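Student: Here is a sequence together with a model predicted from it:
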Amino acid sequence: MSNMGRLALLGGVTLALTACGKKGSLVYPDMLVPAAPAAATAFQSGAGVKIQFDLPTSDRAGNRLKDLAGVKISKRQSDSADEQSCRSCTDDYHLFRQLYLDLLPEGVQRFGSRLVVLDGDVAAGKLYSYRVLPFTKNGVEGASSARLTLQVDNAVPAPTLRAESYPTEIKISFSGLPLSGGTTLGYNLYRAAHQETFPLQPLNREPLSGKEYIDNGLVRGISYRYQARTLVRLPSEAVLESLPSNEVQGVLTDDYE
């Protein structure tokens, strides 16, 4: 938090007094800042890293947050030996992204209260750490997320995708070569309509474990595009997504076809 922000909070915090003169609970200034982002994760997707987290909806005291403006994401790169010797280092982080919620740039997408950020500036064999810090419209910084750390590995090859269109559904078929290392957990499927950008969040909530997926409840006359990524667990227990598959397209056929 900036010094000016702290002074502003200190100046605005008093003991609440009721009409009968009884004192209310003391609220410390540090409790009036945005709470830390929740459910924060960072994992490898293709040759990049996806950072995901839920935006805070309250301050640290539990009051509803009304003036959240955005988040700052700090990043640190290291080798494995450096990471073990400096797990609590904070002075070598640099500002990776400063995001304003009312104007999100390319590579950042919002899904309700969840934000997904893509970092393509990473290299295989390196360790990366991230911290997410919310801030208000007045520039007051909140509580930081837990440190998110992962090692980037060589990208896993992409699966192959095929689409078949029917009157009420589109069937997506997955296939891929056996992995030389790691275990296939399933697939993540991404869908976009017409020429929209593919979302950074998959269509499925859980990994698709079968070789086929039936996509229904679609709108007739709209062309749907699909890509998939294999979800893999490495021997190190890290879970990552493969490179994106080929893009396929489908549209509901007429009943008489």
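Tutor: Great, that's in hand. If you're wondering where the values come from, they're calculated on a predicted model, not measured in any experiment. Residues are numbered from 1 along each chain as shown.
Student: for the chain, what helix or strand is lowest in average pLDDT?
Tutor: helix 3-12 (a mean of 47; mean pLDDT, DSSP states H and E).
Student: where along the stretch 1-150 of the chain do the strands fall?
Tutor: 38-45, 48-54, 68-78, 94-100, 108-111, 114-119, 127-136, 148-151 (DSSP state E, counting those that start in this stretch).
Student: In CSV: these, plus mean neighbour count, mean pLDDT and distance to residue 205.
Tutor: Placement of C-beta: from N, CA and C, glycine included. Output for those, formatted as CSV (neighbours: other C-beta atoms under 10 Å; pLDDT from 0 to 100; distance: least, C-beta to C-beta, whole Å):
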stretch, mean neighbour count, mean pLDDT, distance to residue 205
strand 38-45, 17, 97, 14
strand 48-54, 20, 98, 14
strand 68-78, 19, 97, 24
strand 94-100, 14, 97, 25
strand 108-111, 15, 97, 12
strand 114-119, 19, 98, 12
strand 127-136, 22, 97, 23
strand 148-151, 18, 96, 21
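Student: Can you pull out the low-pLDDT segments for this protein?
Tutor: Residue ranges of the chain with pLDDT under 70: 1-27, 80-91, 256-257.
Student: domain parsing for it?
Tutor: The record's domain parsing of the chain by automatic domain parsing lists 3-151, 160-250.
Student: Could you tell me which residues within stretch 190-203 count as buried?
Tutor: Neighbour-count burial for stretch 190-203 flags 190, 191, 192, 200, 201, 202, 203 (criterion: 16 or more other C-beta atoms under 10 Å).
Student: and which of those is nearest to residue 183?
Tutor: residue 202 (18.8 Å; C-beta to C-beta).
Student: OK, contacts around the closest one?
Tutor: Neighbouring residues of residue 202 by C-beta atoms under 8 Å, 6 or more residues apart in numbering: 188, 189, 190, 229.
Student: how near is it to residue 177?
Tutor: Going from residue 202 to residue 177 by C-beta to C-beta, to the nearest Å gives 21 Å.
Student: Disregarding flanking residues, what is the spatial nearest neighbour of residue 35?
Tutor: In space, and not counting its chain neighbours, residue 35 is closest to residue 56: 4.2 Å by C-beta to C-beta, 6 or more residues apart in numbering.
Student: ah, wrong one, I meant residue 142
Tutor: residue 34 (2.9 Å).
Student: The one you found reaches residue 65, doesn't it?
Tutor: Yes. Using C-beta atoms under 8 Å, residue 34 makes contact with residue 65 at a distance of 5.7 Å.
Student: Name the residues contacting each of these two.
Tutor: Between them, residue 34 and residue 65 share the contacting residues 56, 59, judged by C-beta under 8 Å, 6+ apart.
Student: More neighbours: those two, which one.
Tutor: Comparing residue 34 with residue 65 by other C-beta atoms under 10 Å, the one with more neighbours is residue 34, at 24 against 19.
Student: what about residue 249, which helix or strand?
Tutor: Residue 249 belongs to strand 248-250 when assigned by DSSP states H and E.
Student: In that strand, which of the residues would be classed as buried?
Tutor: For strand 248-250, the buried set under the neighbour-count rule, 16+ other C-beta under 10 Å, comprises 248, 250.
Student: Equivalent analysis for stretch 168-178, please.
Tutor: For stretch 168-178, burial by neighbour count (16+ other C-beta under 10 Å) applies to 169, 170, 172, 174, 176.
Student: Dump those into JSON lines; add secondary structure and distance to residue 47 as well.
Tutor: Converted to JSON lines, the buried residues of stretch 168-178 look like this (DSSP: H, G, I helix; E, B strand; the rest coil; distance: C-beta to C-beta, whole Å):
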{"residue": "169", "secondary structure": "strand", "distance to residue 47": "33"}
{"residue": "170", "secondary structure": "strand", "distance to residue 47": "29"}
{"residue": "172", "secondary structure": "strand", "distance to residue 47": "24"}
{"residue": "174", "secondary structure": "strand", "distance to residue 47": "21"}
{"residue": "176", "secondary structure": "coil", "distance to residue 47": "17"}
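Student: can you tell me how far the nearest residue to residue 63 once chain neighbours are set aside sits from residue 61?
Tutor: Of all residues not flanking residue 63 in the chain, residue 32 sits nearest, at 7.6 Å (C-beta to C-beta, 6+ apart). According to C-beta to C-beta, residue 32 and residue 61 sit 6 Å apart.
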